[in-house]
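[1] The following block contains a protein sequence and its predicted model.
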Amino acid sequence: MREKWQKQMPLMPQIKDHAQAKELTAISGIIDAHPIICDRVLQDLNKGKLVAYRTGADGMSADQVLRCAIVKILFGFTYDELAFHIVDSQALSWFCRIGIADKGYKKSALNKNIKGISDATWELINADLLGYAKQKGIEKGRQVRVDCTCVETHIHHPTDSNLLWDGVRVLTRLLKRFRDESGITVPDFHNHTRVAKRRMLAVMNAKRKNKRKVAYVDLLKTSRKVVGYAHKAVAAINAGATCDPLVMTIGFQIEHFVDLTRRVIHQTERRVLHGETVDAKDKVVSLFEPHTDIIVKDRRDTLFGHKICLTGGASNLILDCVITEGNPADADLTIPMLERQKQIYGRYPLKASFDGGFASKENLKRAQSRKIKDVCFAKKRGLSETDMCRSQYVYRRLRRFRAGIESGISWLKRCLGLTRCTWKGWDSFKSYVWSSIVAANLLTIARGKTAT
């Protein structure tokens with residue numbers, strides 16, 4: 001039966017003479033002072049499971065899972081490194097509640113348990129931390145700064161030729177598994193992966209447009225053949241040729257990748273053969289992370305991931321985060337971010353500072369109608385300083401204050417892994433982002449406590 005706390009505290013001395021150990025001690029104290037945090041984690045870990053009394057292995061407690069997740073983020077460990085360090089390091093063993101006699105946990109157990117915490121739970125944990133910060137006078141949410149950034153998904157740079165090659169090799173691998181597990185031979189099935197790879201390389205290395213187009217035509221032809229084989233396999237399953245659950249699962253995977261590969265074929269035909277422009281929202285940029293969006297930053301950089309909008313406070317805590325789908329304009333997020341502050345604190349902030357992309361006369365009017373005294377946009381966009389704030393002095397002060405969130409975003413990316421999400425899937429992406437924010441806020445509060 002899974003437990004909230006481990007049955008016995010580890011008999012291990014606590015290290016006190018190092019700065020990082022003091023930070024871990026402060027974070028541990030915050031977690032211990034808020035049992036509801038582990039209650040939330042426990043609900044996720046027990047979701048969909050029958051609770052039996054004293055049967056089977058105890059497994060990791062909710063407290064241990066949360067602490068291991070925080071250590072992984074703070075130190076940038078892989079699961080393999082995490083499994084080693086939580087038993088090798090005296091400080092981390094103490095923090096993660098791993099006793100002297102414990103053997104630790106394998107990377108697969110750490111992976112399964114840490115990723116079992118949902119993004120909604122991480123968001124609620126962050127709300128608990130903000131409540132603690134308000135109670136201690138660390139952050140009251142009266143002055144906020146808002147900016148957006150992009151978190152990339154874990155994909156290779158997408159090109160149509162690479163995506164077609166991905167579709168051919170993945171479908172071929174699944175068709176082989178289908179044949180081996182079911183004993184059903186797909187009519188006319190042939191392995192075209194070598195041909196597809198050659199055509200993909202020909203596209204990449206072609207120096208002339210006409211040669212590249214010829215290679216694309218051959219690659220599209222091969223891709224259609226493989227999709228045709230996959231359709232025959234799915235038809236055999238739908239006709240009741242097999243009832244094996246494993247084969248049915250393979251069939252669902254084949255259907256999933258067939259749909260994505262067909263979309264890639266369609267967008268390649270439109271772009272390469274017909275010279276059309278395909279909208280970003282209609283494009284597939286990864287077969288393995290199909291939720292990935294195309295994010296264009298100021299017509300300079302093109303990134304592949306998701307846009308997130310962060311609200312920071314005067315204490316450098318991250319007060320809120322919105323993970324968007326698509327690439328909405330910053331100006332469309334101004335009022336929603338202020339409304340979310342009211343949900344968090346029960347009132348609007350007194351002062352709000354935004355990046356230049358959030359600026360518009362309508363947004364200023366709507367923000368001031370919510371009794372926000374000073375609204376600063378980094379770029380004026382036709383607005384005067386006295387229109388936004390009570391004086392030029394207040395405007396310049398808020399503009400300098402807004403620049404602080406740039407350093408906060410840089411810290412999240414450099415030190416807490418927010419540059420690129422290495423977890424797979426849309427739900428895991430959201431959990432990854434929120435877990436990094438929770439770890440960052442815990443560390444910020446802990447550093448404030450150790451400095452005093």
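    It's in.
[2] hey, let's count contacts and neighbours off CA atoms from now on
    Will do.
[3] Next, work out how far apart K140 and L74 are.
    25 Å (Cα to Cα, to the nearest Å).
[4] OK, contacts around the closest residue to G104 other than its chain neighbours?
    Residue nearest to G104 in three dimensions, not counting chain neighbours: V87, with 5.9 Å by Cα to Cα, 6 or more residues apart in numbering. Counting by Cα atoms under 8 Å, 6 or more residues apart in numbering, V87 touches S93, I98, K103, G104.
[5] Confirm V87 sits in a helix?
    Yes: according to DSSP: H, G, I helix; E, B strand; the rest coil, V87 belongs to a helix.
[6] pLDDT below threshold where in the stretch 101-250 of the chain?
    101, 241-242 (pLDDT under 70).
[7] Dump the contacts of V87 into CSV; add distance to C421, secondary structure and neighbour count as well.
    Formatted as CSV, these follow (distance: Cα to Cα, whole Å; DSSP: H, G, I helix; E, B strand; the rest coil; neighbours: other Cα atoms under 10 Å):
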residue, distance to C421, secondary structure, neighbour count
S93, 26, helix, 21
I98, 28, coil, 24
K103, 30, coil, 11
G104, 26, coil, 19
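[8] how about those, which pair is most distant?
    Taking Cα to Cα as the measure, the contacts of V87 span a maximum distance of 10.8 Å, between S93 and K103.
[9] check which helix or strand covers A230.
    For A230, the host element (DSSP states H and E) is helix 209-238.
[10] Look at G305 and give its secondary structure.
    On the basis of three-state DSSP, G305 is classed as strand.
[11] State the number of residues packed around it.
    G305 has 26 neighbours, counted by other Cα atoms under 10 Å.
[12] so how far is I308 from the nearest residue to it once chain neighbours are set aside?
    Distances taken as Cα to Cα, 6+ apart place E152 nearest to G305, at 3.9 Å, with adjacent residues excluded. Separation of E152 from I308 (Cα to Cα) stands at 10 Å.
[13] what about those two, which has more around it?
    Counted by other Cα under 10 Å, E152 and I308 do not tie: E152 has more neighbours, with 21 against 18.
[14] Dig out what the more buried one forms beta bridges with.
    G305, R420 (DSSP bridges).
[15] show me the contacts for T450.
    Residues in contact with T450, defined by Cα under 8 Å, 6+ apart, are K22, E23, A26.
[16] one more time with 7 Å, if that's ok
    For T450, the contacting residues are K22, E23, by Cα atoms under 7 Å, 6 or more residues apart in numbering.
[17] Does the residue positioned nearest the centre of the chain belong to a helix, a strand or coil?
    The geometric centre of the chain, computed from its C-alpha atoms, lies nearest to F429 (Cα atoms, centre = their mean), at 2.6 Å. Secondary structure for F429, judged by three-state DSSP, is helix.
[18] just checking, it touches C421?
    Yes: under the criterion of Cα atoms under 7 Å, F429 makes contact with C421 at 6.4 Å.
[19] so what does the helix or strand encompassing F252 touch, helix or strand wise?
    F252 belongs to helix 245-268 when assigned by DSSP H and E. Other helices and strands packing on helix 245-268, by 3 or more Cα pairs under 7 Å, 6 or more residues apart in numbering; DSSP states H and E, are helix 160-182, helix 209-238.
[20] got the angle between the first one and helix 209-238?
    So the one you mean is helix 160-182. Relative orientation of helix 160-182 and helix 209-238, computed by axes from the mean of the first three to the mean of the last three Cα atoms, to 10 degrees: 20 degrees.
[21] which of the residues in helix 160-182 are buried?
    160-172, 174-175, 178, 182 (16 or more other Cα atoms under 10 Å).
[22] What about the residue lying closest to R262 once chain neighbours are set aside, how many residues nearby?
    In space, and not counting its chain neighbours, R262 is closest to V227: 7.6 Å by Cα to Cα, 6+ apart. Residue crowding around V227 was assessed by other Cα under 10 Å; the count is 22.
[23] Which parts of the stretch 1-150 of the chain are strands?
    Taking DSSP state E, counting those that start in this stretch as the criterion, the stretch 1-150 of the chain contains strands spanning 143-152.
[24] if we can go back for a sec, adding distance to L303, write the contacts of V87 out as JSON lines.
    Shown next, in JSON lines, are these (distance: Cα to Cα, whole Å):
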{"residue": "S93", "distance to L303": "38"}
{"residue": "I98", "distance to L303": "40"}
{"residue": "K103", "distance to L303": "42"}
{"residue": "G104", "distance to L303": "39"}
